[in-house]
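Chemist: test case, fold it:
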Amino acid sequence: MAASGTVNDKLNVLVYFEAIILNSNVANRLINSAFMNLLTKLLKNVKSPHLKLRLCSILGQLVRHSTVIGNEVAESGLAQLLSEVVSDKNEKVRRKAVASLGEFMFYAATQLDDEQADPVWNLAPVAIKSLVKCLNQGEDEVVRFYACKTIENITAQSISAGCNFATLEVATLLLNIYHTVTMDSFRTSAAVSVSHICKLNTTLFPTIFESITCKQFSQALLDGSQRIQQAFLTMINIALTQPYPKLNDTL
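Modeler: Residues are numbered from 1 along each chain as shown. The predicted structure is shown next:
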C-alpha cells in the first residue's frame, strides 16, 4: 500500500506540472532549469508504467510549448533517453515516448539549416534509428503513425535533418504503410513523407514509382485527397528533371 501511495502521490504532482506547462512562459522557465534534470532522472529510474507514461507526456509538452530551449537540453541526453523508452514493453508508454521524441527531434530540426546553427542540435543517430524502427509493420499502429508524422514534419522543415530519413530503407517502410494501412490520415502522412524524401534524394524516385505503379499514380491524381495529389504531382515534377526513361515512356 505504501508503494502504491507513493506512485499516486507522484502522479498527482506530475499531473499538476503537466497542467501548468501549457503556458509558454512557464514551459520556458522549467525546461531550462534543474527541473529537467529531475524529470530525466525520474524517467531513468521509475518502474511504474503510469509514471513513465506521465513523465514522457510532460517532457513532450515541455518541448512543444517552449519557445526557447537552451543547448544544455540538447546535450542532456534527452533524445537518447526517450529512444530507450520507445522500446518499453508497454505500448501506451511507447506511444507517449515516441510522441515526445518526435517533439524533441522536430524542435532540433528547427534549429538547423542556419548559418549559425549549433551542431549540438544535430539529430542523434540513436534517435533516428529508433524512429525508423517504429515504422516497422509489427509495431503498434499508433506508434507507427506518430513516427511517420515526425518524419513528415522533419523532412518538410529541415534539409540537413530531413536527409537522415531520405534513404531507401525509410522509403520502403513508408511505401509499405501507404499500401497497407486503412487510416486515411496515416496513409496521407506516408504519401507526403515519401514526397518530401524524394525531393531530398531524387535517386529514390524510380523505386517509389515502381512500387506505387503507374496505374496507382494516375488513380491517386484523379481520386486521391488533395494532399496526396499534391505529393504525387511534386514527385512527378521532380522526376521530370531527372534522366528516368521509364517515366518518359509511360507519359
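
Chemist: okay, now the domains of this protein?
Modeler: As recorded under automatic domain parsing, the domains making up the chain are 1-158, 166-251.

Chemist: output these as TSV; include the columns mean pLDDT.
Modeler: Formatted as TSV, the domains of the chain follow (pLDDT from 0 to 100):
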stretch	mean pLDDT
domain 1-158	91
domain 166-251	89
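
Chemist: could these be laid out in JSON lines, adding mean neighbour count?
Modeler: Placement of C-beta: from N, CA and C, glycine included. Formatted as JSON lines, the domains of the chain follow (neighbours: other Cβ atoms under 10 Å):
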{"stretch": "domain 1-158", "mean neighbour count": "18"}
{"stretch": "domain 166-251", "mean neighbour count": "17"}
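
Chemist: contacts for stretch 73-93?
Modeler: 31-32, 36-37, 40, 43-44, 49, 52-53, 56, 59, 94, 97-98, 100-101, 104-105, 108, 118, 120-121, 123-124, 126-127, 129-130, 134, 140, 142-143 (Cβ atoms under 8 Å, 6 or more residues apart in numbering).

Chemist: which non-adjacent residue is nearest the residue nearest the centre of the chain?
Modeler: In the chain, the C-alpha nearest the mean C-alpha coordinate belongs to residue 150, at 2.2 Å (Cα atoms, centre = their mean). The shortest distance from residue 150 to any non-neighbouring residue, by Cβ to Cβ, 6 or more residues apart in numbering, is to residue 102 (3.4 Å).

Chemist: mind checking how far the one you found is from residue 90?
Modeler: 18 Å (Cβ to Cβ, to the nearest Å).

Chemist: ok, now residue 177?
Modeler: From residue 177 to residue 90 the distance is 23 Å (Cβ to Cβ).

Chemist: and if you look at residue 156?
Modeler: The value you get for residue 156 to residue 90, if Cβ to Cβ is used, is 31 Å.

Chemist: give the contact list for the nearest residue to residue 111 once chain neighbours are set aside.
Modeler: Among residues not flanking residue 111 along the chain, residue 121 sits closest, at 4.0 Å (Cβ to Cβ, 6+ apart). In this structure, residue 121 makes contact with 71, 74, 108, 111-112, judged by Cβ under 8 Å, 6+ apart.

Chemist: again with residue 31
Modeler: Per Cβ under 8 Å, 6+ apart, neighbours of residue 31: 62-63, 66, 69-70, 73.

Chemist: rerun at 7 Å
Modeler: 62, 66, 69, 73 (Cβ atoms under 7 Å, 6 or more residues apart in numbering).

Chemist: on that earlier part again, ok, the residue nearest to the centre of the chain touching residue 134?
Modeler: No. Applying Cβ atoms under 7 Å as the test, residue 150 and residue 134 come out as separate, 8.7 Å apart.
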